[in-house]
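Enquirer: Provided below are the primary sequence and the corresponding predicted coordinates.
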Amino acid sequence: MPDFTEIVREHKGMVYSMAFHALQDRAAAEDLTQDVFLALHQNLSRLESAQHIKPWLARVTSNRAIDQIRKRKYRRGPSLEQVPEPQAKPEQRDLLLSRQLRQMVAALPATARMMIILRFQEELELAEIARVLEIPVQTVKSRLHRSVNLLREKMLRRQPAVQEMRQP
């Protein structure tokens, strides 16, 4: 098992990224990241092996972000003008960097938001998401399907021209 400092160094980017994309607030994401690593430090002896660290961190981050979203009602969240643009290399094509898409993802209910983040931002496979959230793969599929449909509906409502193009 790697030492705690190595674990933090290796996984802090993933934890912060998940927290930031879920909460849309840098300070809240930093706090959540610290809380997750504090919890890891307290539970490190309970983890079976080094392979369990990443799924454990993703699960705890997801659950705590969902709790924060529900607690603070981040659905309405800060306006995008208040949130600075994340810095990315020009060659990176991250769907969540699109202002409109980011706004729509931020407006999703907590569980739907985490499903979108885990699948498309963290690029986890369905089986990995199932392990992280400790739910069956079929549940992941149905929740992800509903989340994508909800996001699609939001997009179509914002872009009537796209909706008109889809109709024969």
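Expert: Here it is on my side, so go on.
Enquirer: which stretches in the chain count as helices?
Expert: Secondary structure of the chain, counting by DSSP state H: helices at 4-23, 26-43, 53-72, 99-106, 110-116, 126-133, 137-158, 160-166.
Enquirer: among those, which is the most enclosed?
Expert: Ranked by mean neighbour count, the helices of the chain are led by helix 110-116 with a mean of 22 (mean count of other C-beta atoms under 10 Å). Using the backbone N, CA and C atoms, a C-beta is placed for each residue, glycine as well.
Enquirer: before we move on, back to that, can you put the helices of the chain in TSV and add mean pLDDT?
Expert: Converted to TSV, the helices of the chain look like this (pLDDT from 0 to 100):
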stretch	mean pLDDT
helix 4-23	93
helix 26-43	94
helix 53-72	90
helix 99-106	81
helix 110-116	91
helix 126-133	90
helix 137-158	90
helix 160-166	51
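Enquirer: nearest spatial neighbour of Met114, skipping sequence neighbours?
Expert: Nearest residue to Met114 in three dimensions, chain neighbours excluded: Ser62, at 4.8 Å (C-beta to C-beta, 6 or more residues apart in numbering).
Enquirer: do Asp35 as well
Expert: Arg64 (6.3 Å).
Enquirer: same check on Met1?
Expert: Met1's closest residue in space is Ala50 (C-beta to C-beta, 6+ apart), at 5.5 Å.
Enquirer: what pLDDT does that neighbour get?
Expert: With respect to pLDDT, Ala50 scores 87.
Enquirer: measure it to Leu118 for me?
Expert: Separation of Ala50 from Leu118 (C-beta to C-beta, to the nearest Å) stands at 21 Å.
Enquirer: residue nearest the centroid of this protein?
Expert: For the chain, the residue nearest the mean C-alpha position is Ile117 (3.4 Å; C-alpha atoms, centre = their mean).
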